[in-house]
Every structure is written in structure tokens, then in C-alpha cells.
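**Student:** got a predicted model here, sequence first, then my questions.
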Amino acid sequence: MFEVIGHRGAGKLLPENTMDGFKLAFDLGCPVIELDIHLTGDGRAAVIHNPVLEPTTDGTGLVGNYSMEELKGYDAGGGRTIPSLEEVLLFFKDTPLRFQIELKGEGTEEIVPGIVEGINIESRVRYTSFVHARVRRAVQGRKSSGGLLMCAWPIDPVQLLEKAGAEMLHLNRHVITSEIVELLHSRGKKIIAWDSIVEKNIFESLISMGVDGATTDRPDLFLDFLT
């Protein structure tokens, strides 16, 4: 079944990486939400895309220069706050929602798995990163799955996935072809598309190639298309 992943919640409908955005994605019917993690100055896992506050909040400076409590004082859009990873996972713990956690910041692979294990939802979590060693360290010896983020078609995607202990290649939609989809499927791997995926013709193209899922800022449109 095609996996519609709410990118940063529902990034084009409500402020990204906020509790309201995640709740909306879940209410729309997304089976998976994608979120990003950077570490705070006091070693907490903050749900925010950039290493600095300026693009998505009214604060300034590095996320790592603040405690989680201090970050809560900044506006992440319409009075919403920056959530902690624990806050998100605990809210949805008793639902079937799954989580695609991008390990953005240095050291996240050391902190995040412990949080996930403490809440006892390892099997519902997929770790992703452009830094593939982070994925390898996060999934090693654990029940969670892994996905490798890439912008270009790798020479040997299966070897990369196996080296990292990952099951999914998360590839920019512009470089996905039927050939790479067939190759990955023949080796028991899956492929997820990312980038701006908000238009019907893109949905149709990805599905026709046999892609296994996509992250989208408009999960409402994609879910409507699939019904």
C-alpha cells in the first residue's frame, strides 16, 4: 500500500513541525508523520528543521544555544511552540501513527533512540538522515527501521542500504525512475520520494513507477487522490 507521509506534519496547511500540524496530518488519515530533530543546549531532542531559529520561529540563533524550556518561549507560528520529541511521541503513543524521524543535528543518533525505547514504540519508528552513519548507529541492534536520504541516484543503492542496515531509500523525486524502483524491489528494499510533492501529475507519476510512498506538505490532496 502506498504510504502518504505528512512532511513536517502538514507543512503547507499549518506551521511545520508543530503539534497542531502533526495532529492535522493524523486527522487527515496519514499513516506516518515526518519530523526533524536537533539537540538543545541541555541535551533534549527539539522538533525543528533548521539548526537556527530564524526561519521558522520569532527567535534567533542556534537551537543548541538554548534549553528546551527556553525554546518553548519562542513562537513557531500562530502562537504555537517548538515541541520536544517526547511531547510528540507521547501524544500519539496510543494511536497507530508511525514516525519518520530525520536525525538532522550532530549527536541526535545517540539521544533519540533512547527516547523512543523509553516510550516503547521502537517498531513504529523509522530513522532517516543524509548522514548515513547516523542511521546505521540509530538502528543497530534495535527494532526501529532505517531510511537513507539522497539527492541523486547512487551507483549501488542496495549496497548503501545494506551497509547502513536500512530498508528504504528516500530519493529526490526528480531522479526516481522505474529502473531504480524495480532494482530496489528485486532486492527486497523500498523507495520513498521526497521534495515538493503537491500536484496531481506528480502523484500519478510516482504511483505509476511503483514508488512505495512519498513525503508531502499537502497530505490532504494526496490522500484524496488515492481514495
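**Tutor:** Cool, got the structure. Numbers count the residues shown, from 1 in each chain.

**Student:** Leu24: which element?
**Tutor:** Secondary-structure assignment from DSSP states H and E places Leu24 in helix 19-28.

**Student:** what residues sit buried inside that helix?
**Tutor:** Within helix 19-28, the residues that count as buried by 16 or more other Cβ atoms under 10 Å are 19-26, 28. For glycine as for every other residue, the C-beta is placed from the backbone atoms N, C-alpha and C.

**Student:** now do stretch 116-127
**Tutor:** Going by 16+ other Cβ under 10 Å, stretch 116-127 has these buried residues: 116, 119, 121, 124-127.

**Student:** and these as CSV, adding distance to Asp156 and secondary structure?
**Tutor:** Shown next, in CSV, are those (distance: Cβ to Cβ, whole Å; DSSP: H, G, I helix; E, B strand; the rest coil):
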residue, distance to Asp156, secondary structure
Val116, 30, helix
Ile119, 36, helix
Ile121, 32, coil
Arg124, 30, helix
Val125, 26, strand
Arg126, 22, strand
Tyr127, 21, strand
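
**Student:** helix/strand/coil for Val88?
**Tutor:** When classified by DSSP: H, G, I helix; E, B strand; the rest coil, Val88 comes out as helix.

**Student:** would you say Thr215 is within a helix?
**Tutor:** No - looking at Thr215 with three-state DSSP, it is strand, so not inside a helix.

**Student:** and it, how close does it get to Glu3?
**Tutor:** Distance, Thr215 to Glu3, by Cβ to Cβ, to the nearest Å: 9 Å.

**Student:** give the bridge partners for the residue positioned nearest the centre of the chain, please.
**Tutor:** Nearest to the geometric centre of the chain sits Glu34, at 3.0 Å (Cα atoms, centre = their mean). Judged by DSSP bridges, the bridge partners of Glu34 are His7, Gln100.

**Student:** that one reaches Thr216, doesn't it?
**Tutor:** No - in this structure, Glu34 is not within contact of Thr216 by Cβ atoms under 8 Å, at 9.4 Å.

**Student:** what touches both of these two?
**Tutor:** Common contacts of Glu34 and Thr216, defined by Cβ atoms under 8 Å, 6 or more residues apart in numbering, comprise 5-7.

**Student:** looking at those, spot the one nearest Arg98.
**Tutor:** Ile5 (8.9 Å; Cβ to Cβ).

**Student:** in three-state terms, label the closest one for me.
**Tutor:** From three-state DSSP, the assignment for Ile5 is strand.
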